[in-house]
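# What follows is a predicted protein model with its sequence.
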There are 2 protein chains.
Amino acid sequence: KEGCEVLYIGAEKFFEVIYCVYVYRALVRVQDLIPEKADQLIWLRARVHTSRAKGKQCFLVLRQQQFNVQALVAVGDHASKQMVKFAANITKESIVDVEAFVKKVEQKIESCSQQDVELHIERIFVISQAEPRLPLQLEDAVRPDGEGEEEGRATVNQDTKLDNRVIDLRTTTSQAIFRLQSGVCQLFRDTLTKKGFVEIQTPKIISAASEGGANVFTVSYFKTSAYLAQSPQLYKQMCICADFDKVFCVGPVFRAEDSNTHRHLTEFVGLDIEMAFNYHYHEVIDSITDTMVQIFKGLRDNFQTEIQTVNKQFPSEPFKFLEPTLRLEYTEAVAMLREAGVEMGDEDDLSTPNEKLLGRLVKEKYDTDFYVLDKYPLAVRPFYTMPDPNIPKYSNSYDMFMRGEEILSGAQRVHDAQLLTERAIHHQIDLEKIKAYIDSFRYGAPPHGGGGIGLERVCMLYLGLHNVRQTSMFPRDPKRLTP
Amino acid sequence: KEGCEVLYIGAEKFFEVIYCVYVYRALVRVQDLIPEKADQLIWLRARVHTSRAKGKQCFLVLRQQQFNVQALVAVGDHASKQMVKFAANITKESIVDVEAFVKKVEQKIESCSQQDVELHIERIFVISQAEPRLPLQLEDAVRPDGEGEEEGRATVNQDTKLDNRVIDLRTTTSQAIFRLQSGVCQLFRDTLTKKGFVEIQTPKIISAASEGGANVFTVSYFKTSAYLAQSPQLYKQMCICADFDKVFCVGPVFRAEDSNTHRHLTEFVGLDIEMAFNYHYHEVIDSITDTMVQIFKGLRDNFQTEIQTVNKQFPSEPFKFLEPTLRLEYTEAVAMLREAGVEMGDEDDLSTPNEKLLGRLVKEKYDTDFYVLDKYPLAVRPFYTMPDPNIPKYSNSYDMFMRGEEILSGAQRVHDAQLLTERAIHHQIDLEKIKAYIDSFRYGAPPHGGGGIGLERVCMLYLGLHNVRQTSMFPRDPKRLTP
């Protein structure tokens, strides 16, 4: 074709299809194809979502992310029989450039996001050709469980989706989940930045397994070995001892735990907070719950489309929360559970089924999907947890729950080297291994506390999903290391 | 004392000093101590920066982060001899609560950030006592090299600083560096979010060393072994193939390289970008350089105090940049270097000294500390780099430089599975190991490119520092794994 240049590929000789575009031609976005654009001649780059030939016509659905539009190639002034045949043979998921007239339609096209217009294609070029056999069909991957079973319509099991994540992530559901996840991170940081928190970057390769050595991955480090950090806690606390006052970080944390459940990953993203407080560790709880509430509000107000999209495939009730956030004490929770027939001791930890039951009881009684459980028994918390000054068997520690599942664990930390040493001895931790940690508190340390939030769990539970692998782009568990 | 409560400590029995505060008393910040507050009675929590007893008086300097104020305890109506003695014995770096009157001073206190007022202390409590012997003195740690040498004043060497990072991070210089670093991350993300980029989270534990296997850390992963990702590149590219269109991520990257230089770390923070483009990979370069320019402007406009603070200890010229960013081709750089007497072949890579020399030549000629070097020889770039479509020995790839040192490496990527396979074979890479990577491009992939920026290098070079360990809170190198 005259005037065409192929500047951007360098690979053109490997394509068997027509492969040629004008340089710096303006491209229109699918979501901007509205009736006001009727009769305009536009260029568009999109994927072939579906293709169906019918006599002298070929109907395509062209897709960009969650948006799609119907397009038509028909034998006539601008299209030859060959062109219709060429269009009909373009494989699904190929990327094409089309030149087309926007046309208003009389009857809404229910199956497309752009229901009021269609495209009448003048020219079509293949930019990148997909292989003809896809490992999974996008329409199957977004089908709600059970729907269309009688017609023999398939759904795609989770392992197939994850094995072919690069295709599975193209579905409207995945696009919505991960755009919302991006939003959670942004809301988390923006809220804390406004509150005067400083973002820090903490090392992931560490020399000693600070929390006792269990569940930690070992790394070969030149002639020695090292570990992957199970949390940024030591480093967050060092930043508090170093006068950063209020800090947060967002980054991977690693757990070498052989747990194959719906909510455990071996690598996940931690949203971590640590802050000095003035008089009471509830100042920390208030900062964290307010941050969560700002996230919930931000999602509710700015991500409705994403929430609705996910709900189409995975229906769930809207997420409910109170202001101020409900805070229960551990003893109250135990009482509620006992009233519901659960037998447990005052200082027993909550089992996963009891957590969920408690979540239902709290929802019934208080109508909230988010609450704080405060003052855990000291015995079930890590050695660096500050004991309750009044009742020694309890502690200044808390968990936070969404839809009955834990999303954050936190506490006031012991900031006195001597007490910390005593607590470590009580927990039979090798003092030599945590020397650097304890020494951090020898040169003046303010009272402080914090917590770590699991990003994937927040997204899963906010959306009412049932597997944390759905909210991890490339999940890692004891059995999955790929892709 | 009457009415006092000790709610927040739970450790009070371990303190030998007076230890008691009122609950929810308002605390004033040091930077808010200005003449307008004169004669007010205030409460303040701060560190004892220095302490000097003199007859019936004790002068303290109280510090919060980069702010400090002079405070006086004098025998009189409110203070006994014992109290002056008590105050004089409080160890440096201890955290205290004081009740004091704000008093205007006649002569400016040059040594403090709050020069117009001092505090007359009525009451003083120790919140957290520092051990009497500090491993390093803060005033030594911020002393410019060479200053006060004749008076025998010490500076602190880098290893001592890093070994005692929790104290070193309290210095004005460190506080400024890491507040600026937090700003770089925020500017990076905000700029890209405004441009429509989506933040992604990529896994750090990977099953195969995708870039050939050199310089990669090995992790024990249950009954098998895995690797730490050298970059998020594969995952960024998969997101592009999955229609996220424009993505960024901020996270740790790992290099098992035994390089003990001023600019290499084994773990650093990558600011990564990847985007589909329409017609030319320069669209990618333009997005990245514009992002860098927004960062430079944001730092210049919002972090002047931090820049000045660092400059006091480490003087440097203000960072210069052009708009639009200067873009040179590799052949031009080779010509400039040859003109300056360097002997090198057309397809030789740039050595570190030549990079620096080139930086000086570019600065002289164009008066900029930031520029792009485009169209690298194909031979010196990774296998997934797109060859130049016109001149086969060059490639669509680029590096970016600040003050003559590389901060970003990037390229248009090969997005065609067949060409990618050929390039891998040419580089003698085991195809089996990169099968998942190549397969990502089989189902339609848009032309795309990107790059990875080293956060610590950007901060180091922007501030004109000379060691990347200064801009890593807890640096990791072949010889350092602690704290």
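Structure received. These numbers come from a predicted model, not from an experiment.

# For the rest of this, base every contact and every neighbour count on C-alpha atoms.
Fine.

# those helices in the stretch 201-350 of chain A, which residues are they?
In the stretch 201-350 of chain A, the helices defined using DSSP state H, counting those that start in this stretch lie at A:233-241, A:282-302, A:304-313, A:330-339.

# Please identify the deepest-packed of these.
helix A:233-241 (a mean of 24; mean count of other C-alpha atoms under 10 Å in any protein chain shown).

# ok, whichever residue of the stretch 51-200 of chain A sits closest to chain B - contacts?
Per C-alpha to the nearest C-alpha, residue A:130 is where the stretch 51-200 of chain A lies closest to chain B, at 3.9 Å. Each residue near residue A:130 by C-alpha atoms under 8 Å, 6 or more residues apart in numbering or on different chains is listed here: A:91, A:92, A:93, A:94, A:95, B:442, B:443, B:444, B:445.

# Of the residues you listed, select the buried ones using a ChimeraX command.
The ChimeraX selection below is limited to those of these classed as buried (16 or more other C-alpha atoms under 10 Å in any protein chain shown):
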select /A:91,92,93,94,95 /B:442,443,444,445
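
# Among the contacts of residue A:130, which lie within strands?
residue A:95 (DSSP state E).

# Just the closest of the contacts of residue A:130 to residue B:261, please.
Each of those was scored against residue B:261 by C-alpha to C-alpha, and residue B:445 proved nearest at 38.7 Å.

# Excluding residues flanking it in the chain, which one is nearest that closest one?
Closest residue to residue B:445 apart from its sequence neighbours, by C-alpha to C-alpha, 6 or more residues apart in numbering or on different chains: residue B:241 at 5.0 Å.

# Residue A:60 now?
Among residues not flanking residue A:60 along the chain, residue A:51 sits closest, at 4.4 Å (C-alpha to C-alpha, 6+ apart).

# Make sure that neighbour is actually in contact with residue A:57.
No - with contact defined as C-alpha atoms under 8 Å, residue A:51 does not count as touching residue A:57 (10.7 Å).

# Pick out the residue of the stretch 251-400 of chain A closest to chain B.
Residue nearest to chain B within the stretch 251-400 of chain A: residue A:389 (4.0 Å; C-alpha to the nearest C-alpha).

# and that residue, helix, strand or coil?
Secondary structure for residue A:389, judged by DSSP: H, G, I helix; E, B strand; the rest coil, is coil.

# Please report how far it lies from residue A:405.
In this view, residue A:389 and residue A:405 are 28 Å apart by C-alpha to C-alpha, to the nearest Å.

# Pick out whichever of the two has more residues nearby.
Shown here are residue A:389 and residue A:405; by other C-alpha atoms under 10 Å in any protein chain shown, residue A:405 has more neighbours (23 against 17).

# how close does the residue nearest to residue B:445 get to residue A:164?
Distance from residue B:241 to residue A:164, counting by C-alpha to C-alpha: 12 Å.

# ditto for residue A:35
Using C-alpha to C-alpha, one obtains 37 Å as the distance from residue A:35 to residue A:164.

# Comparing the two, which residue is more hemmed in?
residue A:164 (19 against 16).

# for that one, phi and psi?
Backbone torsions of residue A:164, given as degrees, to the nearest 10, read phi -120, psi 50.

# In contact with it, which residues are there?
A:135, A:136, A:483.

# Then residue A:56?
Each residue near residue A:56 by C-alpha under 8 Å, 6+ apart is listed here: A:74, A:75, A:81, A:84.

# can you pull out the strands in the stretch 101-250 of chain A?
Assigned strands in the stretch 101-250 of chain A, in chain order: A:117-128, A:198-199, A:205-206, A:218-221, A:224-228, A:246-254 (criterion: DSSP state E, counting those that start in this stretch).

# Throw these into TSV and include mean neighbour count, thanks.
Formatted as TSV, the strands of the stretch 101-250 of chain A follow (neighbours: other C-alpha atoms under 10 Å in any protein chain shown):
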stretch	mean neighbour count
strand A:117-128	23
strand A:198-199	24
strand A:205-206	22
strand A:218-221	20
strand A:224-228	18
strand A:246-254	23
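
# Compile these into CSV and extend it with columns for distance to residue A:468.
CSV is the format used below for the strands of the stretch 101-250 of chain A (distance: least, C-alpha to C-alpha, whole Å):
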stretch, distance to residue A:468
strand A:117-128, 33
strand A:198-199, 26
strand A:205-206, 25
strand A:218-221, 24
strand A:224-228, 21
strand A:246-254, 15
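
# got a markdown table for these, with mean pLDDT too?
As requested, the strands of the stretch 101-250 of chain A are arranged in a markdown table below (pLDDT from 0 to 100):
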| stretch | mean pLDDT |
| --- | --- |
| strand A:117-128 | 95 |
| strand A:198-199 | 98 |
| strand A:205-206 | 96 |
| strand A:218-221 | 96 |
| strand A:224-228 | 96 |
| strand A:246-254 | 98 |
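
# that older thread, pull out the buried residues from the contacts of residue A:56.
Buried by 16+ other C-alpha under 10 Å: A:74, A:75, A:84, out of the contacts of residue A:56.

# now, which of the residues you listed lie within helices?
Judged by DSSP state H, helices contain the following of the buried ones among the contacts of residue A:56: residue A:84.

# Give me the distance between stretch A:332-341 and the centre of its chain.
Computed by C-alpha atoms, centre = their mean, to the nearest Å, the separation of stretch A:332-341 from the middle of its chain amounts to 33 Å.

# Report the buried residues of the longest helix anywhere in chain A.
Taking DSSP H as the criterion, chain A has its longest helix at helix A:172-194. Of all the residues in helix A:172-194, those buried under the rule 16+ other C-alpha under 10 Å are A:172-193.

# tell me how far it is from the chain's mean position?
Offset of helix A:172-194 from its chain centre (C-alpha atoms, centre = their mean): 8 Å.

# and what of stretch A:429-443?
A distance of 35 Å separates the C-alpha centroid of stretch A:429-443 from that of its chain, computed with C-alpha atoms, centre = their mean.

# Same check on stretch A:240-255?
The chain centre lies 20 Å from the centre of stretch A:240-255; the measure is C-alpha atoms, centre = their mean.

# Output that stretch in CSV with nothing but the alpha carbons.
Extracted in CSV, the C-alpha atoms of stretch A:240-255 (Å, rounded to 0.1, in the frame of the first residue of the first chain):
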residue,chain,number,x,y,z
ILE,A,240,10.2,3.9,64.5
CYS,A,241,13.3,3.7,66.8
ALA,A,242,15.0,5.8,64.2
ASP,A,243,12.4,8.6,64.5
PHE,A,244,10.4,8.2,61.4
ASP,A,245,7.4,8.3,63.7
LYS,A,246,4.8,6.8,61.4
VAL,A,247,5.7,4.5,58.5
PHE,A,248,4.1,2.1,56.0
CYS,A,249,5.4,-0.2,53.4
VAL,A,250,3.9,-2.3,50.6
GLY,A,251,5.8,-5.4,49.5
PRO,A,252,6.1,-9.1,49.3
VAL,A,253,6.2,-11.3,52.4
PHE,A,254,7.1,-15.0,52.3
ARG,A,255,5.8,-17.9,54.4
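
# Flag every residue of the stretch 301-450 of chain A that's near chain B.
A:386-390, A:414, A:416, A:418-419, A:436, A:440, A:442-447 (C-alpha under 8 Å from any C-alpha of the partner chain).
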